[in-house]
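**Q** Sharing a model prediction with you, sequence too.
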Amino acid sequence: MNNHKNYHLPKPFDELISLPEILLIGGNTRHSGKTTLACAVIRKHATLHPVIGLKFTRLKTGEESFHGNHSGDKESESPWSIEEETRTSGEKDTIQMIQSDARNVYYIRSTDSHRLEAFRFFLENYWKGEPIVCESRGLRDLVIPGLFILMIRKSKDQPLKEMGPYLEVADLVIESNDDQAADISRYLDKIKYSEGKWELSD
């Protein structure tokens, strides 16, 4: 594994939040397998722990195509918002987390400069110490997670995000392409939650 504490991502924040209870799953494009992996992990661990599902979207100009639409998607003038998913039918990522037996699922969307404020509010008002499975790449700027997994899809048709230093701090990188979906089965049994932290077993 990488030594997260000795690697500094470019960020406007002085300190990272150490949060071993969170598993972060990021990706370089849509349909890279992030939700498939998140739901599989939730489903596997929900019988042992009350797992929280989370999707955190960083709103950056020029990256609108990466996120798609969400819920009723009412645009807000607020720099950040937190929404609890309560629907059990549909194809949205957060609904799939509910269907995978997450106890609660939340969707956070925030402008770049308000991410820390939004996430701290979530931790103080919505979180009670449960394991979290979160779809987000940008949250790695704020958090030292138990595990950080990157889903990398090599695609000719989809716009690709610049991964930059995120590859350097990933605990696991799972690759796929247009012709072959990400094979998560070989990794699923290695992803463990024990004694308050996510980790990879041998």
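**A** Done, it's in.
**Q** For residue 148, see how far away residue 168 is.
**A** Noted for residue 168: a distance of 10 Å to residue 148, by C-beta to C-beta, to the nearest Å. (Each C-beta comes from the backbone N, C-alpha and C, glycine too.)
**Q** center of the chain - which residue?
**A** residue 135 (1.9 Å; C-alpha atoms, centre = their mean).
**Q** show me what contacts it?
**A** If you count contacts by C-beta atoms under 8 Å, 6 or more residues apart in numbering, residue 135 has them with 25, 26, 34, 35, 38, 54, 55, 56, 93.
**Q** Going by distance to residue 108, which of these wins?
**A** residue 56 (4.7 Å; C-beta to C-beta).
**Q** so that closest one sits in a strand?
**A** Yes. Per DSSP: H, G, I helix; E, B strand; the rest coil, residue 56 lies within a strand segment.
**Q** residues in contact with it?
**A** Residue 56 neighbours (C-beta under 8 Å, 6+ apart): 108, 109, 110, 115, 119, 134, 135, 136, 138, 139.
**Q** Residue 33 contacts residue 177, correct?
**A** No. Counting by C-beta atoms under 8 Å, residue 177 is not a contact partner of residue 33; they are 11.1 Å apart.
**Q** Same drill for those two, tell me which one is more crowded.
**A** Set side by side, residue 33 and residue 177 show more neighbours around residue 33, with 21 against 12, by other C-beta atoms under 10 Å.
**Q** Distance of the more buried one relative to residue 59?
**A** Taking C-beta to C-beta, one finds residue 33 at 23 Å from residue 59.
**Q** In which helix or strand does residue 37 reside?
**A** helix 34-45 (DSSP states H and E).
**Q** now that helix, how far from the chain's geometric center?
**A** Put simply, helix 34-45 sits 11 Å off its chain's centre (C-alpha atoms, centre = their mean, to the nearest Å).
**Q** what's the average pLDDT for that helix?
**A** When pLDDT is averaged along helix 34-45, the result is 97.
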